[in-house]
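**Student:** Predicted coordinates and the sequence they were generated for:
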Amino acid sequence: MTARVDHLVTSGTFSLDGQTFDVDNNVWVVGDDVECVVVDPAHDVDAVVAAVGGRRVVAVVATHAHDDHVRRAPEAAGRLGAPVLLHPDDRPLWELTHPASVATTDLVDGQVIEVAGTSLNVLHTPGHSPGSVCLWAPDLGVVLTGDTLFRGGPGATGRSFSDFPTIVESIRRRLLTLPAGTRVLTGHGDPTTVGDEAPHLAEWVDRGH
């Protein structure tokens, strides 16, 4: 069977630095009819479990540890029988939502997650948060960017644990070097492509000065 990317949108809140916002999150399920990886199972665990169906879940991957992305991750992982994978640099953010006793398995830059005959390559892309990662699936022509890159530019960096020059450098080195036709599947909002975003790099750099 050929691997594919399934998509659902869930709604809830994001809280950090004493502020709370209503948000819609993209949840991505990468796999075939037999097995899959769930990326950022936000807000509605029942909806995520329904999207998975009867498939074996290899892993639940958190692109970063902001609470809208990970608040329900332990519950989702428990119901799906899979580990939560998180870059260790985001442990301080994770522990704002979950105690240290709630375990995750470390993601590392360059790690390859195999699922349904395809590979998800882990790219460490700090900036939106210290441990933000993207998942590049060259066979599928997609990169799942979490909140690192959106249609129209970088993810937000105005809150704790974030840094604008760092996110721009991550995007420049790790994402805009991917093939131009690569579809960018984001943590919120509509998809884009590497080719559509690359011409705007200089604008983003200027925005930080």
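**Tutor:** That came in fine, so what should we check first? Numbering: from 1, shown residues only.
**Student:** What number of neighbouring residues does V39 come out with?
**Tutor:** V39: 25 surrounding residues under other C-beta atoms under 10 Å. Heads up, the C-betas are built off the backbone N, CA and C, glycines and all.
**Student:** T148 versus that one, what's the distance?
**Tutor:** 13 Å (C-beta to C-beta, to the nearest Å).
**Student:** How about A77?
**Tutor:** Taking C-beta to C-beta, one finds A77 at 22 Å from T148.
**Student:** And the helices in this structure?
**Tutor:** With helices called from DSSP state H, the chain shows them at 45-52, 67-70, 73-80, 91-97, 164-170, 194-197, 201-207.
**Student:** So which bits of the fifth one are buried?
**Tutor:** This points to helix 164-170. Using 16 or more other C-beta atoms under 10 Å as the burial criterion, the residues of helix 164-170 that qualify are 164, 166-168, 170.
**Student:** what does it contact?
**Tutor:** Contacts of helix 164-170 with the rest of the structure, by C-beta atoms under 8 Å, 6 or more residues apart in numbering, involve 124-128, 132, 148, 154-155, 157, 201, 204-205, 207-208.
**Student:** and with 6 Å instead?
**Tutor:** With C-beta atoms under 6 Å, 6 or more residues apart in numbering as the test, helix 164-170 has contacts from 125-128, 154, 157, 204-205, 208.
**Student:** try stretch 116-127
**Tutor:** Contacts with stretch 116-127, where a contact means C-beta under 6 Å, 6+ apart, come from 3, 31-32, 35, 107, 109, 111-113, 132-137, 139, 148, 163, 166-167, 170, 174.
**Student:** Buried only: go through those residues for me.
**Tutor:** Here, 16+ other C-beta under 10 Å leaves 3, 31, 35, 107, 111, 113, 132-137, 148, 163, 166-167, 170, 174 buried among the contacts of stretch 116-127.
**Student:** show me where this protein has strands.
**Tutor:** With DSSP state E as the criterion, the chain has strands at 4-16, 19-31, 35-39, 56-61, 84-86, 105-106, 112-115, 118-124, 133-137, 142-146, 149-150, 153-154, 183-186, 192-193.
**Student:** Let me know which of these is tucked in deepest.
**Tutor:** strand 142-146 (a mean of 27; mean count of other C-beta atoms under 10 Å).
**Student:** Can you tell me the strand partners of it and which way each runs?
**Tutor:** When sheet partners are counted by DSSP bridges, strand 142-146 sits next to strand 133-137 (antiparallel), strand 183-186 (parallel).
**Student:** Between those strands, which one is closest to V60.
**Tutor:** Nearest to V60, of all the strands paired with strand 142-146, is strand 133-137, at 12.4 Å by C-beta to C-beta.
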